[in-house]
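> build me a model from this:
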Amino acid sequence: MTTIYDIAKRTGYSPTTVSKAFNNYSDVREKTRQEIFRVAQEMGYLPNSHARTLTTKKSWTIGVLFVENTGFGIRHPFFSAVIESFKKVAVEKGYALMFISKDVGGKQSGYLENCRIRGVDGVVVFLSDYEDPYFRELLESDIPTVIVDFETSETHTVCSDNTAGAQLAVEYLASLGHRKIAHISGGMNTFPGKMRELGYKTAMKQRGFKVPKSYVVNGAFYSRESGYKAMLELLKLPERPTAVFASGDLLALGAIMAVKDSGLSVPMDISVMGYDDIDLAEYVSPALTTVRQDTELLGSRAADILLASIEGKALDKEAILVPVEVVERESCASPVSAN
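Take a look at the predicted model:
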């Protein structure tokens, strides 16, 4: 059986350096680490996880707390992209991911108890109910955490600049000549939905544009079905909007379907703009103009912060706000005439 001494002999590095490489010590150069990993793979060497845990006092496991109410779960393009980016960084550093819940062995316990039993080193959080007492218990514990897509001073956070993104959307539509801009909201019960609706209303007020109560329609669960129903409501208004900014791309895609099914055209009769820039956005017809979230950066920064916290290097709570940008495609145009 191959040992670290065999790898040391083959690579020319000392057994201590080889051991440090496998245990992610910071004083081992990345080039050296990669060479050791390459040779170890060629020789069929796998570090003993139990020995590694005893040596480093870590489980090398990160818990993923993922609870959301869209019904899409991890299949939602935004969440899957962020988690994939997070996973890439974590795995490169030798960590495995484990989803955690309130249940242990079929019995309800709590997030903290689950983490204690599993021995996770830290937790990345994607959660819709931040007032859940089980979550509060975890947050107040000594287990390092980072929350994605939320803002709080109680732990590390990484999120897009949702308010600025909504303002950018309104500014873009206004630059095309739109004044009657409606909003399909993600709902005030989600942090991104709340911040984007706030950004929309702020930008409309700054421009001096009216926002009738009927111009803000709740698109529950960020689904295409919700976007479809919301757009039908907007199309029935006596004073129909010339443009609609949706709080998510799936909402926008549903809205476009509703416009088409109503015998109208996007963007000739009404412009539609989304938020997220999921992969599907550029392949639909018309291609969706949207606000792009940097899912790669969201995931990687969350991983960097959590790993630093696990290693005791992140003392102050960090609040990372990731910039967003407008991606111009085909679903928006200048209004042909006022309704």
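
> which residues in the stretch 101-250 of the chain form helices?
Counting by DSSP state H, counting those that start in this stretch, one finds helices in the stretch 101-250 of the chain at the ranges 111-118, 133-139, 162-175, 191-207, 224-235, 249-261.

> which one of those has the lowest average pLDDT?
Mean pLDDT is lowest for helix 111-118 among the helices of the stretch 101-250 of the chain, at a mean of 86.

> give the buried residues for it.
111, 112, 113, 114, 115 (16 or more other Cβ atoms under 10 Å). C-beta: built from backbone N, CA, C; applies to glycine.

> now for that helix, which elements pack on it?
strand 61-67, strand 103-104, helix 133-139 (3 or more Cβ pairs under 8 Å, 6 or more residues apart in numbering; DSSP states H and E).

> if you set the cut-off to 10 Å instead, what comes out?
strand 61-67, strand 96-99, strand 103-104, strand 122-127, helix 133-139 (3 or more Cβ pairs under 10 Å, 6 or more residues apart in numbering; DSSP states H and E).

> which other residues reach it?
59, 61, 63, 65, 67, 98-105, 107, 109-110, 120-123, 125, 127, 132, 134-141, 143, 145 (Cβ atoms under 10 Å, 6 or more residues apart in numbering).

> try 8 Å
With contact meaning Cβ atoms under 8 Å, 6 or more residues apart in numbering, helix 111-118 is reached by 59, 61, 63, 65, 98, 100-104, 123, 134-135, 137-138, 141, 143.

> where does the spatially closest residue to residue 177 that is not a sequence neighbour land in three-state SS?
Nearest in space to residue 177, with sequence neighbours left out and distances taken as Cβ to Cβ, 6 or more residues apart in numbering, is residue 334 at 4.6 Å. Put simply, residue 334 is coil when judged by DSSP: H, G, I helix; E, B strand; the rest coil.

> which segments of this protein make up each domain?
61-160+296-324, 162-292 (the TED database).

> ends of the longest one, what's the gap?
Terminal residues of domain 162-292 are spaced 11 Å apart (Cα to Cα, to the nearest Å).

> and for the first one?
Length of domain 61-160+296-324, first residue to last, Cα to Cα: 31 Å.

> so how far is it from its chain's centroid?
11 Å (Cα atoms, centre = their mean, to the nearest Å).

> could you do the last one as well?
What separates the centre of domain 162-292 from the centre of its chain is 20 Å, taken as Cα atoms, centre = their mean.

> would you turn the helices of the stretch 101-250 of the chain into a markdown table with distance to residue 94?
Converted to a markdown table, the helices of the stretch 101-250 of the chain look like this (distance: least, Cβ to Cβ, whole Å):
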| stretch | distance to residue 94 |
| --- | --- |
| helix 111-118 | 17 |
| helix 133-139 | 23 |
| helix 162-175 | 33 |
| helix 191-207 | 32 |
| helix 224-235 | 39 |
| helix 249-261 | 34 |
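
> tell me the most buried of the ones you listed?
Ranked by average neighbour count under the criterion mean count of other Cβ atoms under 10 Å, the helices of the stretch 101-250 of the chain are headed by helix 249-261 at a mean of 24.

> angle of that one against helix 224-235?
Using axes from the mean of the first three to the mean of the last three Cα atoms, to 10 degrees, the direction of helix 249-261 lies 50 degrees away from that of helix 224-235.

> which of the helices and strands packed on helix 111-118 comes out lowest on mean pLDDT?
Between the helices and strands packed on helix 111-118, the one with the least mean pLDDT is strand 103-104; it has a mean of 64.
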